[in-house]
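*Asks:* This is a predicted model, with the sequence first.
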Amino acid sequence: MIPNLKTAKILWGAVEILAMVAALAGILIKGLYNNLFQADYLPGALAQDIITILLSLFIIFLITTTKENSIKKQVIVIGVISSQCYLYGIFTIERVYNSFYLIYLAIFALSFWSLIYSLAGFRAQNFEKMRLNDRMLKTTALSSIAIAVIFIFLWVMALIPLMREHNRIEYLYSIYILDLGFVMPAFIVTAIMSLRKMPFGILMAPAMMILGFFVIFPLGLNELAKPAYGMTMNFGPMAVSFIFSIYMLMIAFLQLRLIRFER
């Protein structure tokens, strides 16, 4: 799927090493995020950093074992790299100005451009014999559209009062930028391409679901960790986060499992 896989693997590896450095700093340096994030989201910082370290180790293993014909592994790597681009995009845009900010910025930039490099050489003719049953294809595509519509509606409804009142919020504005400008359009585009049975859309749809899982799952962990910090756990948002994320992971797993590459 990726023409110059060797260079792509170097870029991916660099992203993962930097992500591990940033996450280790978050675990080992007390108060690294203090006054830089909304207080409600600090309980989940430790869980997010632990997930990042474990995920980076897993992806480094995948990178070392991925070959040119390891298409499914490449899709998983792209999905995870996308989620790290999103995470450190938040760190960058939200101005998390601690001593590791330049590393956050480097991860954001390197992950973004590694994705561009990885996907730039995609050739649909190489996947003319790829097969996926219509039921799975439509389930993933329609789920992607539904996810995009739900979040576009929620974020627009949240933005309208801010626009009406000329209110510039201090935290979490990056999510509106990244979701409405990039992530939700990507869900819709890959879904439409999948419904038209275009190979790029079929392959990128599970990558988008992997991205969604690693973005939303930590939000549930954040709620779960709140009582340990003397905060009240909101069961509703936690349940929604876990249900949404697990559903997306399940869809990604099933689609990757059912895709066949006929020779």
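*Replies:* Alright, I've got the coordinates.

*Asks:* Strands of the stretch 101-250 of the chain, residue ranges please.
*Replies:* 130-131 (DSSP state E, counting those that start in this stretch).

*Asks:* pLDDT below threshold where in it?
*Replies:* Across the stretch 101-250 of the chain, nothing is flagged by pLDDT under 70.

*Asks:* got a list of what residue 4 touches?
*Replies:* Contacts here follow CB atoms under 8 Å, 6 or more residues apart in numbering; on that basis residue 4 touches 117, 121. In short, each C-beta sits where N, CA and C put it, glycine included.

*Asks:* Over to it: give its phi and psi.
*Replies:* In terms of degrees, to the nearest 10, the main-chain angles of residue 4 are phi -100, psi 80.

*Asks:* Return the distance of it relative to residue 15.
*Replies:* In this view, residue 4 and residue 15 are 16 Å apart by CB to CB, to the nearest Å.

*Asks:* repeat for residue 71
*Replies:* For residue 71 relative to residue 15 (CB to CB), the value is 20 Å.

*Asks:* do the same with residue 182
*Replies:* The value you get for residue 182 to residue 15, if CB to CB is used, is 17 Å.

*Asks:* can you give me the helices for this structure?
*Replies:* For the chain, the helices defined by DSSP state H occupy 5-28, 45-65, 71-93, 101-120, 134-165, 173-178, 184-195, 199-225, 235-258.

*Asks:* Next, the angle helix 199-225 makes with the fifth one.
*Replies:* This points to helix 134-165. If you take axes from the mean of the first three to the mean of the last three CA atoms, to 10 degrees, helix 134-165 sits at 60 degrees to helix 199-225.

*Asks:* Kindly report the same for the last one.
*Replies:* Relative orientation of helix 235-258 versus helix 199-225 (the same axes, to 10 degrees): 150 degrees.

*Asks:* go on, the first one?
*Replies:* Using the same axes, to 10 degrees, the direction of helix 5-28 lies 10 degrees away from that of helix 199-225.

*Asks:* average model confidence for helix 5-28?
*Replies:* In this model, helix 5-28 has a mean pLDDT of 97.

*Asks:* now for it, which elements pack on it?
*Replies:* Applying 3 or more CB pairs under 8 Å, 6 or more residues apart in numbering; DSSP states H and E, we find helix 5-28 packed against helix 45-65, helix 71-93, helix 101-120.

*Asks:* on that earlier part again, quick one, which of the helices of the chain is nearest to residue 126?
*Replies:* Closest to residue 126 of the helices of the chain, according to CB to CB: helix 199-225, at 7.9 Å.

*Asks:* Could you check how far the closest one is from the centre of its chain?
*Replies:* 5 Å (CA atoms, centre = their mean, to the nearest Å).

*Asks:* what's it packed up against?
*Replies:* Against helix 199-225 (3+ CB pairs under 8 Å, 6+ apart) you get helix 45-65, helix 71-93, strand 130-131, helix 134-165, helix 184-195, helix 235-258.

*Asks:* From the contact counts, what lies against the second one?
*Replies:* For helix 71-93, the elements it packs on are helix 5-28, helix 45-65, helix 101-120, helix 173-178, helix 199-225, helix 235-258, judged by 3+ CB pairs under 8 Å, 6+ apart.

*Asks:* Centre of the chain to that helix, how far?
*Replies:* 5 Å.

*Asks:* now the last one
*Replies:* The chain centre lies 13 Å from the centre of helix 235-258; the measure is CA atoms, centre = their mean.

*Asks:* ditto for the third one
*Replies:* Between the centre of strand 130-131 and the centre of its chain there are 25 Å (CA atoms, centre = their mean).

*Asks:* returning to what we had before: okay, residue 71 and residue 15: which has more neighbours?
*Replies:* residue 15 (29 against 19; other CB atoms under 10 Å).

*Asks:* Enumerate every residue touching the most centrally placed residue in the chain.
*Replies:* What sits nearest the mean C-alpha location of the chain, by CA atoms, centre = their mean, is residue 83, with 2.2 Å. Counting by CB under 8 Å, 6+ apart, residue 83 touches 210-211, 213-215.
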